[in-house]
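[1] predicted model follows, preceded by the sequence.
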Amino acid sequence: MRADVLPDLVGPYGPDCPSRTVIGTFANKWSMLVLGILKLNERPLRFNELRRRLDGITQKVLTRTLRALERDGLVRRTVYPTVPPRVEYTLTELGVSAGRLANAIAEWSVVHVPDIIKAREDFDDRITATGTL
């Protein structure tokens, strides 16, 4: 990439940059997992399907997460006029690219989890040995 078209990398970290709210979405564990699951499945998922695949998420948190992702234009919520109503969630075009990022981070995490665990153990051992940070 040419230097004259490189983005200003300081911008997103500045206190007034609106992109910080987008970064906040990716920093949210549940948002990342929802985006990743929807991208991996590449088909609409119903609420309870998502909830089953996201072990540990509460109904309230999943509802709030889906609403936030829908508001950001990453997830599309489709309600079908049946009794009871059927609701499905899919990624928008923008959400597909976000899902790719989420899955890339997930893949990186799987590859490097042994390194992270070892670093944590080494850190904890140093703290235990010295009694300080």
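    Great, that's in hand.
[2] would Asp16 count as being in a helix?
    No. Per DSSP: H, G, I helix; E, B strand; the rest coil, Asp16 lies outside any helix segment and is coil.
[3] tell me where the chain has strands.
    For the chain, the strands defined by DSSP state E occupy 45-46, 75-80, 86-91.
[4] which other helices and strands does the second one contact?
    The helices and strands touching strand 75-80, judged by 3 or more CB pairs under 8 Å, 6 or more residues apart in numbering; DSSP states H and E, are helix 29-41, helix 59-71, strand 86-91. Any C-beta I mention is one placed from the backbone N, CA and C, and that applies to glycine too.
[5] residues touching the residue positioned nearest the centre of the chain, list them.
    Central residue of the chain (CA atoms, centre = their mean): Met32, 1.0 Å from the mean position. Neighbouring residues of Met32 by CB atoms under 8 Å, 6 or more residues apart in numbering: 26, 102, 105-106.
[6] who wins on neighbours among these?
    When neighbours are counted by other CB atoms under 10 Å, Ala102 leads the contacts of Met32 with 22 neighbours.
[7] re earlier: ranking the strands of the chain by burial, who's on top?
    Among the strands of the chain, judged by mean count of other CB atoms under 10 Å, the one packed with the most neighbours on average is strand 86-91 (a mean of 17).
[8] so how far is it off the chain centroid?
    Relative to the chain's own centre, strand 86-91 is displaced by 17 Å; criterion: CA atoms, centre = their mean, to the nearest Å.
[9] give me the contacts around it.
    The contact list for strand 86-91 (CB under 8 Å, 6+ apart) reads 35, 38-39, 43-47, 50, 66, 74-80, 98-99.
[10] same thing with stretch 48-66?
    Here stretch 48-66 makes contact (CB under 8 Å, 6+ apart) with 28, 30-31, 33-34, 37-38, 45, 47, 75, 77, 89.
[11] try it again with 10 Å
    Applying CB atoms under 10 Å, 6 or more residues apart in numbering, the contact partners of stretch 48-66 are 25, 28-38, 40-41, 43, 45-47, 74-75, 77, 87-89.
[12] same deal with stretch 109-129?
    Contact with stretch 109-129 is made by 132-133, as judged by CB under 10 Å, 6+ apart.
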